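Undergrad: quick one, what's the 3D model for this:
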Amino acid sequence: MPLVIAGERSGVGKTTVTLTLLASLCRRGEIVQSFKVGPDYIDPMFHQHVTGRACRNLDTVLTSEAYVQECFARHIHEVDFALVEGVMGLFDGVSSLANGHWSFVKNKLPKTDFASTAHVARLLDLPVVLVIDCSRLSGSVAAIAYGYCSFDPRIKIAGVVLNRVGSDRHLSLLKDSLEPLQLPIIGVLRREDNITIPDRHLGLVPTAELPQLDKVIERLADLGDTCFDWDLLLPLLKSERLPLSPPSPLPSSPSPLRVAVARDRAFSFYYQDNLDLLQQLGAELIFWSPLEDTELPKNVQGMYFGGGFPEVFAQQLAENTSAREAVKTAIIAGIPTIAECGGLMYLCEEIIDFQGKSWSMVGVLPTTSVMGGRLNLGYRRAVALQDNLLVNAGTTTYGHEFHRSRLIPEPNLPLFQTYRCDSEETTGNEGWSLPMNLHASYIHMHWGACPEIPQRFIKNCFLYAI
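TA: You can find the predicted model right below:
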């Protein structure tokens, strides 16, 4: 049965433990499928770098409980082992949903573990290994472990990984404290100051920017070979062949379509499921680089700009004037275009970076993206205010926002009225649109449970082609 790697809180080393397990398994020649709970883009990049397989996000807010179950069953069907990395602390989630829609009852405390690691573990009926940061505790480790084991009897804690253990004496104290619980110690990771992955303002630095990453992964594989109890682990990680229902057929384009997808160091935030859906609908995805390529791919009928870090590469993007002009000309000519977060920033007139320097961008949107210290973070309920490339006015969609920039000025005719997902509190107006051919928004959407969104995009690409 596959296994969930959970933390007692954020920052305890879930990703390090997960990568260590993946690296050691792959060194043995095993076929491993990984998953990530939540909306994160960057951790899955590291998973894929190690396994050679696209990591799949399991997010009940962005998709649905049914989709999470179907996605998991589909992708473990032909692999040897499977592993799920959790998000935040084990029980950290958001307010609950009712009948697939957000519920909010005034004057009542809502249940707040929806979309948590625990929620996904229950949905998939998977055991959990709890990662505990032991750097500042010894005997108290038993209280933490006992609390997590007893908090929700529906969650099976299969064991613990003791991370950041300082010495043999420290380990002895931890083991003595845990012994009365009879809770298996699955692994012990010592403090490893020489194994680090750098981060920046939105999390870890993406894999494409880390030339020394393979050496780090090798060191993690070495560590994994010795720090885990593999006799306990391997039976837990073994993949099962779950029954699969045949997927619902999707209508494909009546003629071949080519969609240019920006993918490089500046634009790398894509859910693989979204790309898969476009291909299932008949699109050929043509990957290109706004950083390096001087022109758009030939004969394309649609464009997709994902999120990423255009502010980090703003100078290089600005200096590639021919690419910027090609994108602007194509959008003005009516080519259907999706731009999410970093993609939205690229289509603005300019980006003003953290140092206050201004860099010219595509200029198809009459606004400037200004980097700042305030982090905009969280799930959003977005209600469309106008008919647009992806949805009709009045349609409610769910997405995730994660950025440190703002637009000046804000749109006069915004795409969405947005709300926090667990309340009726509005977070404002959001997104830019050109009549039926441009959808530009800070909201990241996963289309897994809403295939009508990519279907509408592909339909508009077909109409543009004719």
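Undergrad: so what strands line up beside the longest strand along the chain?
TA: When the chain is parsed with DSSP state E, its longest strand is strand 365-384. When pairing is defined by DSSP bridges, strand 365-384 lines up against strand 348-352 (parallel), strand 396-408 (antiparallel), strand 416-420 (antiparallel).
Undergrad: can you redo those strands as TSV with mean neighbour count and mean pLDDT?
TA: To be clear about C-beta, it is placed using only N, CA and C from the backbone, and glycine gets the same treatment. Shown next, in TSV, are the strands paired with strand 365-384 (neighbours: other Cβ atoms under 10 Å; pLDDT from 0 to 100):
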stretch	mean neighbour count	mean pLDDT
strand 348-352	21	97
strand 396-408	19	94
strand 416-420	21	91
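Undergrad: redo those strands as CSV? Include distance to A115.
TA: Listed next are the strands paired with strand 365-384 as CSV, based on distance: least, Cβ to Cβ, whole Å:
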stretch, distance to A115
strand 348-352, 31
strand 396-408, 10
strand 416-420, 14
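Undergrad: quick one: closest of the ones you listed to H201.
TA: strand 396-408 (5.7 Å; Cβ to Cβ).
Undergrad: which non-adjacent residue is nearest F269?
TA: G307 (3.5 Å; Cβ to Cβ, 6 or more residues apart in numbering).
Undergrad: measure the one you found to G166 for me?
TA: 38 Å (Cβ to Cβ, to the nearest Å).
Undergrad: so where's the protein shaky on pLDDT?
TA: 1, 96-111, 193-194, 239-255, 435 (pLDDT under 70).
Undergrad: in it, which residue is closest to the centre?
TA: What sits nearest the mean C-alpha location of the chain, by Cα atoms, centre = their mean, is D40, with 2.5 Å.
Undergrad: is it part of a helix or strand, or is it coil?
TA: coil (DSSP: H, G, I helix; E, B strand; the rest coil).
Undergrad: wait, what's in contact with it?
TA: 57, 87, 203 (Cβ atoms under 8 Å, 6 or more residues apart in numbering).
Undergrad: any idea which of those is closest to G448?
TA: N57 (8.6 Å).
Undergrad: phi, psi for the closest one please.
TA: Note on N57: backbone dihedrals following degrees, to the nearest 10 are phi -80, psi 140.
Undergrad: give me the number of residues near the residue nearest to L415 when sequence neighbours are not counted?
TA: Sequence neighbours aside, G431 is the residue nearest to L415 in space, at 2.9 Å (criterion: Cβ to Cβ, 6+ apart). Close neighbours of G431, defined as other Cβ atoms under 10 Å, add up to 24.
Undergrad: may I have the phi/psi pair for G431?
TA: Taking degrees, to the nearest 10 as the convention, G431 sits at phi 90, psi 150.
Undergrad: and it, what does it touch?
TA: 344, 382, 411, 414-416, 439-443.
Undergrad: hang on, L236 packs against P127?
TA: Yes: here L236 reaches P127: they are 6.1 Å apart, a contact under Cβ atoms under 8 Å.
Undergrad: who has more neighbours, those two?
TA: Between L236 and P127, L236 has the larger neighbour count (other Cβ under 10 Å), namely 20 against 15.
Undergrad: walk me through which strands the host helix or strand of L285 pairs with, and which way each runs.
TA: According to DSSP states H and E, L285 maps onto strand 283-288. According to DSSP bridges, strand 283-288 forms sheet pairs with strand 257-262 (parallel).
Undergrad: distance from the strand it pairs with to the middle of the chain?
TA: Relative to its chain's centre, strand 257-262 lies at 21 Å (Cα atoms, centre = their mean, to the nearest Å).
Undergrad: one more: stretch 412-429?
TA: With Cα atoms, centre = their mean, you get 22 Å for stretch 412-429.
Undergrad: next, the buried residues of it.
TA: The neighbour-count check on stretch 412-429 (16 or more other Cβ atoms under 10 Å) flags 414-422, 427 as buried.
Undergrad: helix, strand or coil for I197?
TA: Per three-state DSSP, I197 ends up coil.
Undergrad: drop anything exposed from the contacts of D40.
TA: 57, 87.
Undergrad: output the contacts of D40 as JSON lines; include the columns distance to P44.
TA: Listed next are these as JSON lines, based on distance: Cβ to Cβ, whole Å:
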{"residue": "N57", "distance to P44": "7"}
{"residue": "V87", "distance to P44": "12"}
{"residue": "G203", "distance to P44": "12"}
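Undergrad: closest one of the contacts of D40 to Q182?
TA: Nearest member of those to Q182, counting by Cβ to Cβ, is V87, at 28.3 Å.
Undergrad: okay but that closest one is in contact with S116, surely?
TA: Yes: under the criterion of Cβ under 8 Å, V87 makes contact with S116 at 7.3 Å.
Undergrad: find the residues that touch each one of the two.
TA: V37.
Undergrad: for D387, find the nearest of the strands paired with strand 365-384.
TA: The nearest among those, by Cβ to Cβ, is strand 416-420 at 12.6 Å.
Undergrad: and that closest one, C-alpha only, in PDB?
TA: The C-alpha atoms that make up strand 416-420 are tabulated as PDB, following Å, rounded to 0.1, in the frame of the first residue of the first chain:
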ATOM      1  CA  PHE A 416     -13.500  37.800 -11.400                       C
ATOM      2  CA  GLN A 417     -15.000  38.800  -8.100                       C
ATOM      3  CA  THR A 418     -12.900  36.700  -5.700                       C
ATOM      4  CA  TYR A 419     -13.600  35.500  -2.200                       C
ATOM      5  CA  ARG A 420     -11.800  33.600   0.500                       C
END
